[in-house]
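Undergrad: sequence first, predicted coordinates after that:
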Amino acid sequence: MFNCRSWVVCVVCITLLCGCANDFSGNRYDSANIGEVSKTDSGTVMSLRRVELKDDKIGVGTVLGAVGGGLVGSAFGGGNAKFLTAAAGAVAGGAAGHAIENKAQDGIEYTIKLDTGAVVTIAQGVTPQISVGQRVRVINSNKGKSRVVPE
């Protein structure tokens, strides 16, 4: 019914899903951004407020959940029922993987007055910790993404 191989696949998929949550920290660089030249502006934090950060795209967590759910579901039933339980498992696993991967995270929205006089607003994860009145650098990538770091 539920063999050892199914248990191993299930444990591997759950372990991988737990690592799929997005990290919106100002301290994190994706591999595509490593070595990228960015324009940097200095400024002072005028205000901040707590926000919720969420990314709704379909990614690895959804796929892993669907594969794992399909494999686990296929361990149940016999004949044509095996296909139905596999399909149901894939749908349930994909939904669970998507929910884990795209769980909302705490974030901060910073309003910053740049030394040029311009005012910008940027949302990112809660690290690094930055406070109102603190001098910061706003790092702007060529792809339109920005991050705030202490000066």
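TA: Noted; the coordinates are in hand.

Undergrad: which parts of the longest strand belonging to the chain are buried?
TA: Ranked by residue count and defined by DSSP state E, the top strand of the chain is strand 39-53. The neighbour-count check on strand 39-53 (16 or more other CB atoms under 10 Å) flags 41, 43, 45, 48, 53 as buried. C-beta here means a position set from N, CA and C on the backbone, and glycine is covered the same way.

Undergrad: domains for the protein, by residue range?
TA: For the chain, the domain assignment from automatic domain parsing gives the residue ranges 1-25+55-102, 36-53+106-151.

Undergrad: quickly, which of those bottoms out on average pLDDT?
TA: Averaging pLDDT over each of those singles out domain 1-25+55-102 as the lowest, with a mean of 60.

Undergrad: return the member of the buried residues of strand 39-53 nearest to residue 91.
TA: Nearest to residue 91, judged by CB to CB, of those is residue 53 at 27.0 Å.

Undergrad: check which helices and strands the longest strand of the chain sits against.
TA: Judged by 3 or more CB pairs under 8 Å, 6 or more residues apart in numbering; DSSP states H and E, the packing partners of strand 39-53 are strand 105-114, strand 119-125, strand 135-140.

Undergrad: the second one pairs with which strands, parallel or anti?
TA: Read it as strand 119-125. Sheet pairing of strand 119-125 (DSSP bridges) gives strand 105-114 (antiparallel).

Undergrad: what does the shortest one give?
TA: Based on DSSP bridges, the pairing partners of strand 135-140 within the sheet are strand 39-53 (antiparallel), strand 146-150 (antiparallel).
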